[in-house]
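J.: My questions are about this predicted structure, shown below with the sequence.
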Amino acid sequence: SAGEENISNPEMINNSLAQELFENIEVISLLEGIHPSKNREARDPNVIALVGPTGVGKTTTVAKVASEALLSRNLKVGLINLDSYKVAATDQLETYAKILNIPFRSVANIEDFRCTLQDFRALDLVLVDTTGRSQKDSDSLKSMFDILSRVPNVRTELVLSTNTRDNELVDIGKRFSLFKPE
């Protein structure tokens with residue numbers, strides 16, 4: 001509570017709000033509930049696809065999550081690039097995969113995606129980096145949704161930049177809602 005005496009002091013209000021958020025927001029790892037499997041034949045790998053606008057850090061986030069999964073949680077990890085438009089993203093993700101010594105594939109369509117997931121069945125986790133799409137490009141979003149939705153058990157996470165204005169966040173959230181991100 002900011003208190004009566006601090007109601008006109010914006011810095012005190014911001015500090016109180018930050019403290020309240022810090023105490024009440026629970027941060028959950030993308031890897032929550034994912035464990036190394038002793039019998040990979042028993043189930044398909046966990047598949048997490050990161051979606052979001054261009055430039056929010058999806059590729060970097062994929063690399064960081066892959067590193068945590070591999071080094072801190074001892075998971076068998078693979079990376080898939082579903083970003084056929086941005087060649088640099090493919091190169092960047094492939095470099096991360098080489099550094100971590102984990103499998104990597106770049107796919108452009110549903111058939112390649114399914115085949116790669118079949119090849120990656122022995123893994124615990126497959127992280128999918130997607131093309132950054134403008135929330136205003138409905139056709140492009142629909143195209144990516146069509147690929148991701150045709151593969152069972154793909155969990156989608158929406159990646160956003162912390163410095164995005166509130167009204168843009170609302171718009172992005174609405175437009176990417178078709179992915180039903182967690």
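T.: Structure's in. What do you need? Numbers count the residues shown, from 1 in each chain.

J.: got any ranges where this protein has weak pLDDT?
T.: 1-7, 39-43, 83-89, 132-137 (pLDDT under 70).

J.: again, only using 50
T.: Along the chain, segments meeting pLDDT under 50 span 1-2.

J.: As a check, name the ranges of all strands in it.
T.: Using DSSP state E, the strands of the chain run over 46-51, 77-82, 104-106, 125-130, 154-158.

J.: Dump the ones you listed into JSON lines; add mean neighbour count and distance to residue 172 as well.
T.: For every residue, glycine as well, the C-beta is placed using N, CA and C. Shown next, in JSON lines, are the strands of the chain (neighbours: other Cβ atoms under 10 Å; distance: least, Cβ to Cβ, whole Å):
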{"stretch": "strand 46-51", "mean neighbour count": "22", "distance to residue 172": "10"}
{"stretch": "strand 77-82", "mean neighbour count": "25", "distance to residue 172": "19"}
{"stretch": "strand 104-106", "mean neighbour count": "20", "distance to residue 172": "25"}
{"stretch": "strand 125-130", "mean neighbour count": "26", "distance to residue 172": "14"}
{"stretch": "strand 154-158", "mean neighbour count": "18", "distance to residue 172": "8"}
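
J.: closest one to residue 17 among these?
T.: strand 154-158 (23.4 Å; Cβ to Cβ).

J.: List the beta-bridge partners for the residue most central in space within the chain.
T.: What sits nearest the mean C-alpha location of the chain, by Cα atoms, centre = their mean, is residue 50, with 2.8 Å. The bridge-partner assignment for residue 50, based on DSSP bridges, gives residue 129, residue 157.

J.: that older thread, would you tell me which of the strands of the chain gets closest to residue 12?
T.: Taking the strands of the chain one by one with Cβ to Cβ, strand 154-158 is closest: 32.6 Å.

J.: Surely the residue nearest to the centre of the chain touches residue 144?
T.: No - using Cβ atoms under 8 Å, residue 50 is not in contact with residue 144; the gap is 11.4 Å.

J.: Give me the common contacts of the two.
T.: residue 130 (Cβ atoms under 8 Å, 6 or more residues apart in numbering).
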